[in-house]
Structure formats: structure tokens, C-alpha cells
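S.K.: prediction below, plus the sequence it came from.
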Amino acid sequence: MYVIVVGCGRVGSQLATFLSEEGHDVAIIDKNADAFRRLGSTFNGLTVQGLGFDQDTLKEAGIEKADVFSAVTDLDNTNMMAVEVATKIFDVPRAIARLYNPTRSLTYEKLGLEYVCGTVMLAEKLLETIIAPDVDILVTVGNFYIIRILAGESFIDQTVSQIGKDNFCRIITIIRRMKNVYCERETKVQKNDQLIVIIKKSGLAQMEKRISKARTSN
């Protein structure tokens, strides 16, 4: 996945480094070249000096091949403009803006912008949102997530043990028609079941890929 991050402050530098460590191709943009010093030693992506809504800067960052665009400066207007340019001019499939001032959430919603708001662990929230949009992350426990997913075609009629083995995870419980179903190894998953799963952080992207592939093939 090719991701462009706008803003190399505390949040942006952490997000770009996280994504790079996860094996994604990353370009990060900032108007201040000194900001790139914040990037971790494991970052092996592209750095581009310039404005995140400037078309030439975006082209230099590889906007034409971007799968995801994330604007995470501490200026809401900059984030909104950058996302608007990315989606309206360059047709980036998915764009996420950081909402710095929560009182402006209504403006973001009226514009139809996908956004993440908060200050604590914001980079990790953005990472989760980027790599797993189809997964509802309920709790983070050390190197594990407890997640909720809707059982699509790729899970139907598979047993709890099969799903766990194939995805390196464990199904904790199944919610079926608003009721908890007791899970045994040979319990089969039905359409529209909600699965509560514990999974390693390193396996989250693979789980998302399976869900996304099944959804797009239908």
C-alpha cells in the first residue's frame, strides 16, 4: 500500500514510521525540512518539502499512485484543503484528516471527510484506521488487539478452529442475532455473525485484506 502523510510533527512522524515498519511504501510532506529529523531510524520512505495541498508537491510525493492519503498537521484548514485536493483533483481512493479542534467536527462531516480526532495515541489510531478500515478495534492489550468483524463470505461455514488457524487469531465469542453463541472448535460461522477476535497486531493487515477481498469480490 502506498500512503502519503502530510505533516511531520509528533503525530505525522510517528504515523509515517509505524507505516514504514509495517512494510508499506510511505511519502511524508512537510513545509519545514527540519521536521524530518523526527522520523525514526527505521523510516525508509520518501520525504518531500512543501505544502500538503500544493499540486506540484503532491505529484513529487507520488499522489497519482497513492492508495491512502492522511493529512495530520495541527491546522484544521490545512488538513481539509489537503484532503479535498487529494480526493477531488487526484482521485485518491481514501483520505483521512486529523481533526485538531473538536468543535469543527460538524464542518468535517458536512464536507464528507473521514477524520480522526484526539490527542492521546492519535498516531496509533490513524495507523489502525488506515490499515484496517473494515475492522472495529475494541481494545488494545500489549501486542494484541481485540476486534469485532462482520462475518462475510470468506468466513461462512468455516469452523472457529479453521478461522483461527488461517488467520493466526482466536475467536472469543460469536454474536448471532443479538445473542452470544458459545464457541467450540467445531462451531461454524454463519452469515452476518459478528466475531469477537483476539489477534496479534502484526496480523491485523492480513485480516483486513481477507475481509476486503471478500467484500470486493461480491
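M.R.: Arrived safely.

S.K.: could you pull out the helices in this protein for me?
M.R.: 10-21, 55-60, 76-88, 105-110, 122-131, 160-167, 204-217 (DSSP state H).

S.K.: mean neighbour count, the ones you listed: which tops it?
M.R.: helix 10-21 (a mean of 23; mean count of other CB atoms under 10 Å). All C-beta atoms are positioned from the backbone trio N, CA, C, and that covers glycine.

S.K.: counting contacts, what elements does that one pack onto?
M.R.: strand 2-6, strand 25-30, helix 122-131 (3 or more CB pairs under 8 Å, 6 or more residues apart in numbering; DSSP states H and E).

S.K.: quick one: contacts of it?
M.R.: 3, 5-6, 8, 26, 28, 30, 35, 38-40, 42-45, 70, 72-73, 98, 122-124, 126-127, 130-131 (CB atoms under 8 Å, 6 or more residues apart in numbering).

S.K.: and those, which are buried?
M.R.: With burial judged by 16 or more other CB atoms under 10 Å, the buried subset of the contacts of helix 10-21 is 3, 5-6, 8, 26, 28, 30, 35, 38-39, 43, 45, 70, 72-73, 98, 122-124, 126-127, 130-131.

S.K.: among the helices of the chain, which comes closest to Ile146?
M.R.: For the helices of the chain, proximity to Ile146 was assessed by CB to CB; helix 204-217 is nearest, at 11.4 Å.

S.K.: quick one: stretch 169-177 to chain centroid distance?
M.R.: 23 Å (CA atoms, centre = their mean, to the nearest Å).

S.K.: which of the residues in that stretch are buried?
M.R.: Quick answer for stretch 169-177 (16+ other CB under 10 Å): Cys169, Arg170, Ile171, Ile174, Ile175, Arg176.

S.K.: my read is that Ala151 contacts Lys191, right?
M.R.: Yes: counting by CB atoms under 8 Å, Ala151 does reach Lys191; the two are 6.6 Å apart.

S.K.: so which of those two has more stuff around it?
M.R.: Ala151 (23 against 12; other CB atoms under 10 Å).

S.K.: what sits against that one?
M.R.: Val189, Gln190, Lys191, Asn192, Asp193, Gln194, Leu195.

S.K.: please consider this matter closed, and thank you.
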